[in-house]
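Visitor: Provided below are the primary sequence and the corresponding predicted coordinates.
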Amino acid sequence: MDTPAPTPADAKRALRARLWAHRKQRYADTSRAEREAQALADHVLRIVADRVGPGGTVTSYESWPTEPGTGPLNAALAEAGYRVLVPVTLPGLDLDWRPLGSDERDESARLGLEAIDQADLVLTPGTAVDRRGVRLGQGGGCYDRALPRRREGICVVTLLHPQELLDDALPAAQHDQRVDAVVTADGITWLDR
Ligand SMILES: Nc1nc2c(c(=O)[nH]1)N(C=O)[C@@H](CNc1ccc(C(=O)N[C@@H](CCC(=O)O)C(=O)O)cc1)CN2
Ligand SMILES: Nc1ncnc2c1ncn2[C@@H]1O[C@H](COP(=O)(O)OP(=O)(O)OP(=O)(O)O)[C@@H](O)[C@H]1O
């Protein structure tokens with residue numbers, strides 16, 4: 001019997017597994033991770049300075065191990081007087097938002113699903129992005145649900161490791177929300193969309 005042809009979802013799953021294995025191997029070296037997190041912060045702060053007014057709102061996130069580190073970035077944004085919101089993942093894999101520094105378990109700190117409409121710039125995690133701005137995430141579809149609630153014209157910037165901006169096209173589905181730019185420790189790339 002023939003093996004069924006792989007679906008786009010199968011292709012995404014296989015690609016995530018490959019890229020995550022690579023992250024695990026390369027970023028076991030914490031000094032490399034720290035160095036790259038600082039460089040990433042410097043690049044993102046340039047975009048923020050260009051696009052977000054004083055005291056404006058940026059949605060960021062608290063990085064997991066082996067993701068590009070957002071610790072130095074989030075600290076620098078707060079220090080510079082920006083309002084930083086981070087996601088809270090709800091049971092249905094939609095995203096609520098809370099201020100950076102609040103307790104994730106404190107339900108009274110939550111701002112609601114619509115709070116992404118307060119953002120002047122949206123930063124997202126990701127696993128890979130292609131040259132058209134198609135983003136591969138964690139596989140939950142969380143950002144695909146949240147991004148349509150941002151205000152019109154607000155840029156979406158995905159933070160990746162350098163080798164995760166792909167020249168080969170990613171499988172794209174109808175629900176996939178495209179991103180405007182990728183920032184890695186190597187610099188900023190604005191994408192054709
Ligand atoms: N640091 C960081 N924070 C982040 C993200 C991220 O990528 N990085 N997210 C980026 O989106 C959101 C969390 N994404 C999530 C995606 C999937 C599952 C999850 O539980 N997945 C199940 C499978 C669910 C299903 O298939 O329906 C699992 O892994 O068992 C949890 C969180 C918000 N916060
Ligand atoms: N707007 C939406 N409403 C309901 N389900 C959605 C929506 N967007 C995506 N999904 C579902 O979420 C699942 C995962 O989508 P996908 O593989 O594109 O996630 P991802 O972009 O990698 O994840 P994430 O955004 O969490 O980082 C798919 O089964 C998809 O059908």
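Guide: Received it, and whenever you're ready, just let me know what you need. Ligands and ions are numbered 1, 2, ... in the order given.

Visitor: and the longest strand along the chain, how far out from the chain middle?
Guide: In the chain, with assignment by DSSP state E, the single longest strand is strand 83-89. Mean-position distance between strand 83-89 and its chain equals 12 Å (C-alpha atoms, centre = their mean, to the nearest Å).

Visitor: does it reach ligand 2?
Guide: No: figure legend: strand 83-89 not in contact with ligand 2 (C-beta under 6 Å from any ligand atom); closest approach 8.6 Å. In short, each C-beta sits where N, CA and C put it, glycine included.

Visitor: report all helices and strands that that strand contacts.
Guide: Judged by 3 or more C-beta pairs under 8 Å, 6 or more residues apart in numbering; DSSP states H and E, strand 83-89 is in contact with strand 57-59, helix 71-79, strand 95-99, helix 142-146.

Visitor: now the longest one against strand 83-89, angle please.
Guide: Between the direction of helix 71-79 and that of strand 83-89, the angle (axes from the mean of the first three to the mean of the last three C-alpha atoms, to 10 degrees) works out to 130 degrees.

Visitor: just name whatever secondary elements helix 71-79 is in contact with.
Guide: Counting by 3+ C-beta pairs under 8 Å, 6+ apart, helix 71-79 packs on helix 30-51, strand 83-89.

Visitor: get me the contact residues on this protein for ligand 2.
Guide: 12, 136-145, 173, 175-176.

Visitor: do you know the pLDDT at Met1?
Guide: Among the per-residue scores, Met1 holds a pLDDT of 61.

Visitor: of all the helices and strands packed on helix 71-79, which one comes closest to ligand 1?
Guide: strand 83-89 (4.2 Å; C-beta to the nearest ligand atom).

Visitor: in a helix, Arg23, correct?
Guide: Yes: read with DSSP: H, G, I helix; E, B strand; the rest coil, Arg23 is one of the residues of a helix.

Visitor: list the contacts for it?
Guide: 66-67, 161 (C-beta atoms under 8 Å, 6 or more residues apart in numbering).

Visitor: out of these, which are inside strands?
Guide: Nothing among the contacts of Arg23 maps onto strands, per DSSP E.

Visitor: please convert the buried members of the residues you listed into PyMOL selection syntax.
Guide: In PyMOL syntax, the buried subset of these is picked out as below (16 or more other C-beta atoms under 10 Å):
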select buried, resi 66+67+161
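
Visitor: could I get the contacts of Arg23 as a markdown table with distance to ligand 1 and pLDDT?
Guide: Output for the contacts of Arg23, formatted as a markdown table (distance: C-beta to the nearest ligand atom, whole Å; pLDDT from 0 to 100):
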| residue | distance to ligand 1 | pLDDT |
| --- | --- | --- |
| Thr66 | 10 | 95 |
| Glu67 | 6 | 97 |
| His161 | 13 | 98 |
